[in-house]
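Student: Got a predicted model here, sequence first, then my questions.
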Amino acid sequence: MKSKSISVTIITGFLGSGKTTLLNNIIATYNDKKIIVIENEFGETNIDKKLISNVDSSKIIELTNGCICCSVKNELGTVLNSLIISGTECDALIIETTGIADPGSIIKMFLGGDRVNRYFKLDSVICLIDAKNFLNSYKEYKEAQLQLIHSDLFIINKIDLVNDNELHKIESILKEFNKKELCKTNFAKVDGIEILERNVYSKSKLSNELILYSEPVAVEKNHSQAFETIHVSYKQNFKKRLFLFWIEQFIHLNSNNIPRIKGVVYFAESDKQYVLQCVNDSFQLYETDSYKESDALSEIVFIGRDINNQLINEALESLISK
């Protein structure tokens, strides 16, 4: 495999949202790029592979009879390893998950091991929204909510099947999860939408994203699985050793309720900016090239259920360097 890391895009979205159509449109739009597709279907027969066009079948890798986020996760690791060993040349890797997948555990694979990070670079997680059925699936299925939490671009599909009032409700819910990247389309068309090379997981982009979160906000709480977003910020610097110990313990105890945490933090022991990424029960903290400015704030966003804002603030304040 070439020395430059391969850009990885994950496509998620609930059952019937049009992910395979979206995949076909992406491939047609980026026809100048060499793309490898990892295709996951829940069941023993992968029908979707037969629906993918304009890609050499040898470049489509099937994972069947399981959800990519759980029972075939080890198989995904094996596939990635085989791509490394074979030296396969490509510009982008697209992973299409099954409609009932929680993409969090897939993201963890690319935020974790050094071997994976050396050859693959997580670029973006795109969630396709079925406008016709979203308001029901969002309320009824935890998986649909988890797909929202872990995604950085929402594409609302089938907008011709809903009225303006329904579309407004969908947009209002989605904006609580992602205040910036939201597109609307029919037939999963991607004209004018930046899909590949978004660099969402780059060290520089997260700090700009966090300023979009101001006061704590909650999504519509009319069911037991409602998620909320909490934003905290601190002028003072943290003690690095204490912070690392705390965040490791926190996600170990709370990952079921708070599956996503991201932030920009500063430590008393360093003049550099650090980026924090937590997905389920694993986390990554890495130094950026940016230096601490006099008015710099440590900012952290927690996304999950039943978040105790007061206890989190009290805990974080105890980690501040006096």
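Tutor: Cool, the structure landed. What you are looking at is a predicted structure, and each value in this text was computed from that prediction instead of being measured.

Student: From here on, just use CA atoms for contacts and neighbour counts.
Tutor: Noted.

Student: Tell me which residues are up against stretch 87-96.
Tutor: The contact list for stretch 87-96 (C-alpha atoms under 8 Å, 6 or more residues apart in numbering) reads 1-2, 6-12, 19-20, 23, 33-40, 196.

Student: got it, and stretch 292-301?
Tutor: Counting contacts by C-alpha under 8 Å, 6+ apart, the residues touching stretch 292-301 from outside are 210, 213, 229-237, 261-266, 271-273.

Student: Enumerate every residue touching the nearest residue to residue 279 once chain neighbours are set aside.
Tutor: Closest residue to residue 279 apart from its sequence neighbours, by C-alpha to C-alpha, 6 or more residues apart in numbering: residue 260 at 5.0 Å. The neighbourhood of residue 260, defined by C-alpha under 8 Å, 6+ apart, consists of 149-150, 277-280, 302-304.

Student: Run a quick check on residue 237 versus residue 268, I expect a contact.
Tutor: Yes: using C-alpha atoms under 8 Å, residue 237 is in contact with residue 268, at 5.2 Å.

Student: So the two - more neighbours on which side?
Tutor: Neighbour comparison, residue 237 and residue 268: the larger count goes to residue 237, with 20 against 14 (by other C-alpha atoms under 10 Å).

Student: need the contact list for the more buried one.
Tutor: 265-268, 298, 320-321.

Student: follow-up on the earlier one: please name the bridge partners of the residue nearest to residue 279.
Tutor: Taking DSSP bridges, one obtains residue 279, residue 303 as the residues bridged to residue 260.

Student: Helices along the stretch 51-200 of the chain, start to end?
Tutor: Remark: helices of the stretch 51-200 of the chain, listed N- to C-terminal, are 73-86, 104-111, 114-119, 134-140, 142-149, 164-177; assignment by DSSP state H, counting those that start in this stretch.

Student: okay if I get those helices as CSV plus distance to residue 241?
Tutor: Output for the helices of the stretch 51-200 of the chain, formatted as CSV (distance: least, C-alpha to C-alpha, whole Å):
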stretch, distance to residue 241
helix 73-86, 31
helix 104-111, 21
helix 114-119, 22
helix 134-140, 39
helix 142-149, 28
helix 164-177, 30
